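# missing the sequence, but the structure's below:
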């Protein structure tokens, strides 16, 4: 599959690809929601780690969310 985009959009895509170290396919997946589940799991793992190690603002840690 291929598609045509303006030079401006192509250039912006290249900048984002380089900055985030992702392929055009990965960026497309993120933007149509296919990678959302993975990101949600990563966020949960980070929250769990921070809580287990007592890192964070006291108010945030006490909320336990």
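On my side now, so go ahead. No experiment lies behind these values; they were computed from the predicted model shown.
# Run through the chain and note the low-pLDDT ranges.
34-39, 58, 60-65 (pLDDT under 70).
# can you give me the helices for it?
7-20, 24-31, 36-52, 58-63 (DSSP state H).
# Which segments of this protein make up each domain?
The record assigns the chain these domain ranges, following automatic domain parsing: 1-34, 35-65.
# Could I get those in JSON lines, plus columns for mean neighbour count?
(C-beta placed from N, C-alpha, C; glycine too.) As requested, the domains of the chain are exported to JSON lines (neighbours: other Cβ atoms under 10 Å):
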{"stretch": "domain 1-34", "mean neighbour count": "10"}
{"stretch": "domain 35-65", "mean neighbour count": "10"}
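# Which of the helices of the chain sits closest to residue 1?
Residue 1 lies closest, by Cβ to Cβ, to one member of those: helix 24-31, at 10.1 Å.
# could you give the angle of the closest one to helix 7-20?
90 degrees (axes from the mean of the first three to the mean of the last three Cα atoms, to 10 degrees).
# and the residue nearest to residue 50 when sequence neighbours are not counted, how far is that from residue 47?
Leaving aside its chain neighbours, residue 50 sits nearest to residue 56 (5.3 Å; criterion: Cβ to Cβ, 6 or more residues apart in numbering). Remark: distance between residue 56 and residue 47 (Cβ to Cβ, to the nearest Å) = 9 Å.
# cool, residue 20 as well?
Taken as Cβ to Cβ, the span from residue 20 to residue 47 is 22 Å.
# Residue 7 now?
41 Å.
# Residue 1 too?
Per Cβ to Cβ, residue 1 is found 37 Å from residue 47.
# Next: residue 10.
Residue 10 is 37 Å from residue 47, by Cβ to Cβ.
# wouldn't residue 24 be in contact with residue 13 here?
Yes. Using Cβ atoms under 8 Å, residue 24 is in contact with residue 13, at 6.4 Å.
# returning to what we had before: dihedrals phi and psi, the residue nearest to residue 50?
Dihedral pair for residue 56: phi 130, psi 170, per degrees, to the nearest 10.
# from here on, count from 52
Understood, numbering begins at 52; the last thing we discussed is residue 107.
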